[in-house]
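Engineer: With the sequence up front, the predicted model follows.
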Amino acid sequence: MGNATSGALSKEILEDLKLSTIFTETEICHWYENFQKQCPTGRITPEEFEQIYARFFPESDAKTYARHVFRSFDTNDDGTLDFKEYIIALHMTSTGKTTRKLEWAFSLFDVDKNGYITKTEVTEICQAIFKLIPKEEQAKLPEDENTPDKRANKLWAFFDKKDNERLAEGEFIKGVIENENAMRLIHYEPLK
């Protein structure tokens, strides 16, 4: 274990990341150098991740959302992200194929990690998404999605489920792919 944090990136992880993301070797190595500087331990804590995330959303409160994103990428549940989990996180949240992105979105909404999404979980994530939206943008939202609860109701309606039913990953992905509005509601794109 000792040597994993120091020195160069292992060939194995590098190859793995080249296959599972759209990033080039140069990009990955460059990020690794930065990662080493910022995280000498080789691990990112939830607090550090929040700070990284906050830079992307200077005008809003990204803390709650960042926590959820962190949870969804901490695949081994050890409370930290290693370099590989971090790069996959970057890849999934920035680009990537729709299905991969939606698999990630599912894990974001699956707050208790039990393999299903409930309406309560959808509401919880909608609340976190709402905090990302700057106040003046919130004011311009359509009437049927201008609060976290309305957004959650509108999103949940796409899946043809009762409020007390739960949603499996396949159903979630299918529902979002078939509805452009659902796709828009599951995340927040800052207005350029």
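Structural biologist: That came through, no problem.

Engineer: So which residue is dead centre in this protein?
Structural biologist: residue 69 (4.0 Å; Cα atoms, centre = their mean).

Engineer: what are the ranges of the helices in the protein?
Structural biologist: 11-20, 25-38, 46-56, 63-73, 83-94, 98-109, 119-132, 135-138, 148-157, 169-178, 180-185 (DSSP state H).

Engineer: Among those helices, which comes closest to residue 163?
Structural biologist: helix 119-132 (5.1 Å; Cβ to Cβ). Using the backbone N, CA and C atoms, a C-beta is placed for each residue, glycine as well.

Engineer: circling back: verify the stated contact: the residue nearest to the centre of the chain with residue 90.
Structural biologist: No: Residue 69 is not in contact with residue 90 according to Cβ atoms under 8 Å; the separation is 10.6 Å.

Engineer: Just name the shakiest helix or strand of this protein by mean pLDDT.
Structural biologist: Ranked by mean pLDDT, DSSP states H and E, the helix or strand of the chain with the weakest confidence is helix 83-94, at a mean of 82.

Engineer: Next, the angle helix 46-56 makes with that one.
Structural biologist: Angle of helix 83-94 versus helix 46-56, following axes from the mean of the first three to the mean of the last three Cα atoms, to 10 degrees, is 30 degrees.

Engineer: So which elements touch helix 83-94?
Structural biologist: Judged by 3 or more Cβ pairs under 8 Å, 6 or more residues apart in numbering; DSSP states H and E, the packing partners of helix 83-94 are helix 11-20, helix 25-38, helix 63-73, helix 98-109.

Engineer: Next, the angle from that helix to helix 63-73.
Structural biologist: Using the same axes, to 10 degrees: helix 83-94 against helix 63-73 is 120 degrees.

Engineer: now helix 83-94, how far from the centre of its chain.
Structural biologist: 9 Å (Cα atoms, centre = their mean, to the nearest Å).

Engineer: Would you mark the buried spots in that helix?
Structural biologist: 83, 84, 85, 86, 87, 88, 89, 90, 91, 92, 93 (16 or more other Cβ atoms under 10 Å).

Engineer: and the fourth one, how far is that from residue 37?
Structural biologist: When you say that, I think you mean residue 86. With distances taken as Cβ to Cβ, to the nearest Å, residue 86 is found 14 Å from residue 37.

Engineer: same question, the fifth one
Structural biologist: Distance, residue 87 to residue 37, using Cβ to Cβ: 16 Å.

Engineer: next one: the last one
Structural biologist: The gap separating residue 93 from residue 37 is 22 Å, by Cβ to Cβ.

Engineer: now the third one
Structural biologist: Taking Cβ to Cβ as the measure, residue 85 and residue 37 are separated by 18 Å.

Engineer: so can I have CSV of the buried residues of helix 83-94 showing distance to residue 152?
Structural biologist: Output for the buried residues of helix 83-94, formatted as CSV (distance: Cβ to Cβ, whole Å):
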residue, distance to residue 152
83, 34
84, 32
85, 28
86, 29
87, 31
88, 27
89, 24
90, 27
91, 27
92, 22
93, 21
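
Engineer: Now do the domain split for the chain, please.
Structural biologist: As recorded under the TED database, the domains making up the chain are 12-95, 98-191.
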